[in-house]
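**Student:** below are the sequence and a predicted model for it; my questions follow.
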Amino acid sequence: MTSAPRKAEPIATDAASLEAALRRLFGFERFQPGQEEIVRRVLPGRGSYAAGKAALLAAAQVLAREVGEDGIRVNTIVPGRMWGPNLQRWYETRAAERGVTVEEELAPVRELIALGDIPSDADVAGAVLFLASDLSIAMTGQTVDVNGGETFN
């Protein structure tokens, strides 16, 4: 199949534009995927959950191969922790229970992340928009980790 390359359009990067684009693309109010990072750092007692998530990644690669000739791209996102209202409340509660500040509670977590901070919901949404845009036109069957460098693949 030979055709002229498609031109990539610019992507808005502010949180409001990202959320509006996600609503248009996927029809939901907020993008909050589950803890798919389990496929990168398996925890004791979570084997079946990790295996299920890994199977989804493999299924996406198979689908990418099957529909690629029709020009359909299939890629996946593996988000790590996502800083948003739910995680913020969790750290606030945990810090209060331990009698420490939220910053003190977050310090050991931030040390695990190469970029030093927990990615936000909007950071993960940006990766989704990249994969949905023409900027990733030559990508299919790929998995993109969005975790600030907490794990590498």
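**Tutor:** Great, that's in hand.

**Student:** what about the longest helix in the chain?
**Tutor:** Of all segments of type helix in the chain, defined using DSSP state H, the longest is helix 47-67.

**Student:** contacts for that helix?
**Tutor:** Where contact means C-beta atoms under 8 Å, 6 or more residues apart in numbering, the residues beyond helix 47-67 that reach it are 36, 38-39, 42-43, 73-76, 78, 140-141, 143. The C-beta positions use only the backbone N, C-alpha and C, and glycine is treated the same way.

**Student:** quick one: which of those has the lowest pLDDT value?
**Tutor:** Model confidence across the contacts of helix 47-67 bottoms out at Glu36, which has 56.

**Student:** could you measure from the most centrally placed residue in the chain over to Val42?
**Tutor:** When the chain is reduced to its mean C-alpha position, the nearest residue by C-alpha atoms, centre = their mean turns out to be Pro79, at 3.2 Å. Here the distance between Pro79 and Val42 works out to 16 Å (C-beta to C-beta, to the nearest Å).

**Student:** can you check Ala96 too?
**Tutor:** The span separating Ala96 from Val42 equals 30 Å under the rule C-beta to C-beta.

**Student:** now swap in Arg110 and tell me
**Tutor:** Counting by C-beta to C-beta, the gap between Arg110 and Val42 amounts to 22 Å.

**Student:** surely Thr140 touches Asn75?
**Tutor:** Yes: assessed by C-beta atoms under 8 Å, Thr140 is found in contact with Asn75 at 6.4 Å.

**Student:** residues near Asp117, how many?
**Tutor:** 12 (other C-beta atoms under 10 Å).

**Student:** now do the SS call for it.
**Tutor:** Secondary structure for Asp117, judged by DSSP: H, G, I helix; E, B strand; the rest coil, is coil.

**Student:** isn't it up against Glu150?
**Tutor:** No: Asp117 lies out of contact with Glu150 (C-beta under 8 Å); the separation is 10.3 Å.

**Student:** confirm that Glu103 sits in a helix.
**Tutor:** Yes: following the definition three-state DSSP, Glu103 is counted among the residues of a helix.

**Student:** in this protein, which spans are helices?
**Tutor:** According to DSSP H, the helices that the chain contains are 15-26, 47-67, 85-98, 102-112, 121-132.

**Student:** thank you kindly, that will do.
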